[in-house]
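# turn this into a structure:
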Amino acid sequence: MSKDLPSDLQEILARPPVYRLLAVPEKIHGKHVNHVWKGLAGVPGATEPGIPVVVKYLPKATQLDIELACGLASQVLKLPVPMPGLVIADSEDLPGRPASIKDPQVVLFGSLYQPPDPFLERQSNGGAVGEEHIWSRVCFDDTGKSGAAWDELVANPDRHAQNLIFDGMKWWLFDHNLALAPVSKIYATIAEPSAQRSIVAHTAKINQLLDQLLRRRPDDHGIEAEAARLSKHVQRLKILALEMNRWQVPGGPKIANIVKMAALIVDLIALRLEPLQLYVAQRLQKPSAEGLWTE
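So this is what the prediction gives:
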């Protein structure tokens, strides 16, 4: 890794985000599509104390790749997404694990645990009234515009009250395994130019956070300015992808392949940054959106 990189990039790229589950985790029950646990994770072979993480089992390899790519890209773009990682676990240590897990070891997607504010956590399970309260809080916070621009960038249609967390000081965005949907469909040919063009051109059917933001702040949502801000960081994402390919990844070829594919997806997110303002303008139904294209 080059020492000429900005200090924040050096910190993110210091080592591959690969961890080992240190003890039997606690199963988290709730409205989750995937199986989720909370526990401690540490760097394999290191003596550092464990860090609290939330881990989830993703049945498709593409979901792991997308989650890791989105998680790392969000760190480089300085967005409120918890630090991501791959967490190796012994299957027998996962209480309530799905029957589909057959191998003795499994790779989980993990993110740094952000303890939720108890009041807002109750609100997230409080039906339509609770959800309305959460949407209003998020939309009148800077996370509203940054999250809406981010969801447009990664074509994430799956933003809802249960994947927004307030820790008492700030809001966090998580769950991106349904982002960039074309990746899953053309996984085998993703390295081909035609496949990559289809990913860069893809937009989600809905941007939930942007819609909620427009309902509440139609005149001062700030989404266009936020898209313009993010669009300046193309080079930072390209550096991330380049350095990810240089990592000496522990954990064997399976982990290395996940990181390699995630690096490719980061590169595609960088390509999506360039037309992001166009995507946002189209979402806002601005008639002059095509004017953003240049030769």
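
# how about the strands in the protein?
18-21, 26-28, 36-42, 51-56, 84-90, 105-112, 164-166, 171-173 (DSSP state E).

# how about those in a markdown table, adding mean pLDDT and mean neighbour count?
C-betas here are computed from N, CA, C, even on glycine. Shown next, in a markdown table, are the strands of the chain (pLDDT from 0 to 100; neighbours: other Cβ atoms under 10 Å):
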| stretch | mean pLDDT | mean neighbour count |
| --- | --- | --- |
| strand 18-21 | 96 | 23 |
| strand 26-28 | 93 | 13 |
| strand 36-42 | 96 | 20 |
| strand 51-56 | 96 | 21 |
| strand 84-90 | 97 | 23 |
| strand 105-112 | 97 | 22 |
| strand 164-166 | 92 | 23 |
| strand 171-173 | 96 | 21 |
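
# right, and those - which one's nearest residue 236?
Closest of these to residue 236 is strand 84-90, at 16.6 Å (criterion: Cβ to Cβ).

# mind listing what the closest one pairs with, with the direction of each?
Counting by DSSP bridges, the strands paired with strand 84-90 are strand 18-21 (parallel), strand 105-112 (antiparallel).

# any idea of the angle that strand forms with strand 36-42?
90 degrees (axes from the mean of the first three to the mean of the last three Cα atoms, to 10 degrees).

# could you export strand 84-90 as CSV, CA atoms only?
Output of strand 84-90 as CSV, limited to C-alpha atoms (Å, rounded to 0.1, in the frame of the first residue of the first chain):
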residue,chain,number,x,y,z
PRO,A,84,-17.9,-4.2,7.2
GLY,A,85,-16.0,-7.5,7.3
LEU,A,86,-16.0,-11.2,6.5
VAL,A,87,-16.4,-13.4,9.6
ILE,A,88,-15.3,-17.0,9.6
ALA,A,89,-17.4,-19.2,12.1
ASP,A,90,-17.7,-22.8,13.0
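
# and it, how far out from the chain middle?
Strand 84-90 sits 15 Å away from the centroid of its parent chain (Cα atoms, centre = their mean, to the nearest Å).

# about what we covered before: can you say which of the strands paired with strand 84-90 is nearest to residue 94?
Smallest distance to residue 94 across the strands paired with strand 84-90 (Cβ to Cβ): 7.3 Å, for strand 105-112.

# can you list contacts of that closest one?
Outside strand 105-112, the residues that touch it by Cβ atoms under 8 Å, 6 or more residues apart in numbering are 19, 21, 37, 41, 51-58, 63-64, 67-68, 71, 81-91, 94, 174, 177, 251, 254-255, 258.

# about what we covered before: can I get the strands of the chain in JSON lines with distance to residue 224?
Formatted as JSON lines, the strands of the chain follow (distance: least, Cβ to Cβ, whole Å):
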{"stretch": "strand 18-21", "distance to residue 224": "38"}
{"stretch": "strand 26-28", "distance to residue 224": "37"}
{"stretch": "strand 36-42", "distance to residue 224": "35"}
{"stretch": "strand 51-56", "distance to residue 224": "33"}
{"stretch": "strand 84-90", "distance to residue 224": "28"}
{"stretch": "strand 105-112", "distance to residue 224": "29"}
{"stretch": "strand 164-166", "distance to residue 224": "22"}
{"stretch": "strand 171-173", "distance to residue 224": "19"}
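
# go through the ones you listed and name the closest to residue 135.
Nearest to residue 135, of all the strands of the chain, is strand 164-166, at 8.4 Å by Cβ to Cβ.

# quick one: list the elements packing against the closest one.
Packing partners of strand 164-166 (3 or more Cβ pairs under 8 Å, 6 or more residues apart in numbering; DSSP states H and E): helix 118-124, helix 127-139, strand 171-173.

# may I see the buried residues of the first one?
This points to helix 118-124. Within helix 118-124, the residues that count as buried by 16 or more other Cβ atoms under 10 Å are 120, 123-124.

# out of these, which comes closest to residue 99?
residue 124 (28.8 Å).

# that older thread, out of the helices and strands packed on strand 164-166, which gets nearest to residue 6?
Between residue 6 and the helices and strands packed on strand 164-166, the shortest gap by Cβ to Cβ is with strand 171-173, which sits at 23.0 Å.

# nearest to residue 184, of the buried residues of helix 118-124?
Ranked by distance to residue 184 (Cβ to Cβ), these are led by residue 124 at 27.5 Å.
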